[in-house]
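Peer 1: Please work out how this folds:
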Amino acid sequence: MRPLLLFFAFVFLVVLNLGAHSQTAIEPAKPVQPSSKAGKLNAITDVPGIEVGSFQQRFTGTTVVLAPNGAVGGVDVRGSAPGTRETDLLKPTNLVDKVDAVVLSGGSAYGLAAAHGVMLWLEEKKRGWNVGRGNVVPIVPAAVLFDPGRFGRAFNDRPTEEFGRKAAENAIAGPVDMGNAGAGAGAVAGGLKGGLGTASLDLGNGVIVGAIVAVNSVGSTVNPATGEFYAKYLELNGEFGPLKPPFAQGAATGDLMALNQGEPVKNTTIAVVATNVKLTKAQAKKIAEMAQDGLARAIRPAHTMFDGDTVFALGTGLLDLDTLKQQAAWGFTPANINALGSAAADTLARAIVRAMLSAQTVDATPSYKDKFPGAFGK
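Peer 2: Numbering: from 1, shown residues only. Below you'll find the model as predicted:
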């Protein structure tokens, strides 16, 4: 009896060992770690298939993100005072699968008129959802921020249909104007002059993630204890310049704390993140949700009752996730979406800092550079 038990024990160990070797043999290659470097332009236009144009006049304006070949879109609305258009269309359960452009605009709800100008411009180019007989309906989601009546303007001096048309005409796949440009022209963020900012991230394996944002938050982008940007730690390639803490004891003066007062009910940060990877609508929505974390890393508080914080996500579809999976570049599909969403969040936070650094003082609203000159220099 004992020799028989020993025999079965031996067979069990052999089978177990063979199973272990078999599992090792079919185990997929370990994912390659994404790189951490900005794109060539450090702008959302580093994403193939994305163009950006802006138009501003009298401290208000509009910015258009164009996808000439269409892009799968998603959106996440997290602020409590949003002004949006066509966001329901982006739900994964709804019919239309691609958008032609996204509009970011000043003017509060009135500024949504700029999206109509973009629609008419796209219609002339025959870009849009085909409804037969040579007719198209351009798909143009939009979000707005509150800037009416600022900097000496009349309340009814705001973006119109013409702003959208001109922004679309100005769109290029090259460098993007920042600061007091487009939707950032009338922006104020936490008591400082806000503005338009952009950034990008090259993840390797041909994958690019970009972001563009108009920063008009009730919350501050600056740590009241030091005067430093909350998101400074995310800087890549020295993009923020030689910044240093502007004050040793900033909080003691009360000067920095005053920045947080802002203008309640006159706010909202709006953004677009994009990638050249092929996405489903559900995946685009998830990336938009994750990208909102970048807004929260750079602005405190974020998503308030007085903000309408909205982030769109676009996938131009020029690179297939399945290709990355087959190359064992990042791993299986959910891991790829994690990597894209995390990159979008960091890139959006960096774009917020770049917006603030590019903004210029208007009237009694100082830019970061003018408020804290001690942050610059050697």
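Peer 1: Can you tell me the closest non-neighbouring residue to A214?
Peer 2: Of all residues not flanking A214 in the chain, A183 sits nearest, at 3.8 Å (C-beta to C-beta, 6 or more residues apart in numbering). Any C-beta I mention is one placed from the backbone N, CA and C, and that applies to glycine too.
Peer 1: tell me the secondary structure for that neighbour?
Peer 2: Recorded secondary structure, A183: helix (DSSP: H, G, I helix; E, B strand; the rest coil).
Peer 1: Figure out the length between the terminal residues of stretch 43-52.
Peer 2: 10 Å (C-alpha to C-alpha, to the nearest Å).
Peer 1: and that stretch, how far out from the chain's middle?
Peer 2: Taking the mean of its C-alpha atoms, stretch 43-52 sits 12 Å from the chain's own mean (C-alpha atoms, centre = their mean, to the nearest Å).
Peer 1: And for stretch 362-373?
Peer 2: 25 Å.
Peer 1: Return the set of buried residues in that stretch.
Peer 2: Judged by neighbour count (16 or more other C-beta atoms under 10 Å), stretch 362-373 contains these buried residues: V362, T365, P366, S367, Y368, K369, K371, F372.
Peer 1: these two touch, right, the fourth one and A355?
Peer 2: No: the pair S367 / A355 is not scored as a contact, 10.7 Å apart, by C-beta atoms under 8 Å.
Peer 1: follow-up on the earlier one: look at the residue nearest to A214 and report its pLDDT.
Peer 2: pLDDT recorded at A183 is 98.
Peer 1: Just list the residues touching it, thanks.
Peer 2: Listed by C-beta atoms under 8 Å, 6 or more residues apart in numbering, the contact set of A183 reads S54, G61, T62, T63, L104, S105, G106, L145, L196, A214, I270.
Peer 1: 6 Å instead?
Peer 2: Neighbouring residues of A183 by C-beta atoms under 6 Å, 6 or more residues apart in numbering: G61, T62, T63, L104, S105, G106, L196, A214.
Peer 1: So which of those residues are in strands?
Peer 2: Here DSSP state E is the test, and the contacts of A183 give G61, T62, T63, L104, S105, L196, A214 as lying in strands.
Peer 1: Can you lay out those residues as CSV showing neighbour count?
Peer 2: Formatted as CSV, the ones in strands among the contacts of A183 follow (neighbours: other C-beta atoms under 10 Å):
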residue, neighbour count
G61, 31
T62, 37
T63, 34
L104, 32
S105, 36
L196, 30
A214, 35
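Peer 1: Next, count neighbours for N135.
Peer 2: Look at N135: counted by other C-beta atoms under 10 Å, it has 11 neighbours.
Peer 1: Looking at strand pairing, list the partners for it.
Peer 2: N135 has these beta-bridge partners by DSSP bridges: G132.
Peer 1: If I look at it, what pLDDT would I see?
Peer 2: Looking at N135, the pLDDT reads 96.
Peer 1: now do D346
Peer 2: Model confidence at D346, given as pLDDT, is 97.
Peer 1: Dump the buried residues of stretch 362-373 into JSON lines; add pLDDT as well.
Peer 2: Formatted as JSON lines, the buried residues of stretch 362-373 follow (pLDDT from 0 to 100):
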{"residue": "V362", "pLDDT": "96"}
{"residue": "T365", "pLDDT": "94"}
{"residue": "P366", "pLDDT": "95"}
{"residue": "S367", "pLDDT": "96"}
{"residue": "Y368", "pLDDT": "95"}
{"residue": "K369", "pLDDT": "93"}
{"residue": "K371", "pLDDT": "91"}
{"residue": "F372", "pLDDT": "90"}
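Peer 1: Can you tell me which of those residues lies closest to Y233?
Peer 2: Closest to Y233 out of those is Y368 (16.8 Å), distances taken as C-beta to C-beta.
Peer 1: Give the burial count for G149, as a bare number.
Peer 2: For G149, the count of nearby residues is 16 (other C-beta under 10 Å).
Peer 1: Would you quantify the distance from it to F155?
Peer 2: 4 Å (C-beta to C-beta, to the nearest Å).
Peer 1: Likewise for A345?
Peer 2: 35 Å.
Peer 1: next one: G210
Peer 2: Distance from G210 to F155, by C-beta to C-beta: 34 Å.
Peer 1: okay, these two: which has more neighbours?
Peer 2: The residue with more neighbours, out of G210 and F155, is G210; 33 against 10, by other C-beta under 10 Å.
Peer 1: out of the ones in strands among the contacts of A183, who's nearest K285?
Peer 2: K285 lies nearest to L104 out of the ones in strands among the contacts of A183, by C-beta to C-beta, at 18.4 Å.
Peer 1: in stretch 149-167, what counts as buried?
Peer 2: Applying a neighbour-count criterion of 16+ other C-beta under 10 Å, one finds 149-151, 153, 157-161, 163-167 buried in stretch 149-167.
Peer 1: Run the chain-centre distance for that stretch.
Peer 2: In terms of C-alpha atoms, centre = their mean, the gap separating the centre of stretch 149-167 from the centre of its chain is 23 Å.
Peer 1: element containing V52, please.
Peer 2: Taking DSSP states H and E as the criterion, V52 maps to strand 51-56.
Peer 1: Thanks a lot, see you next time.
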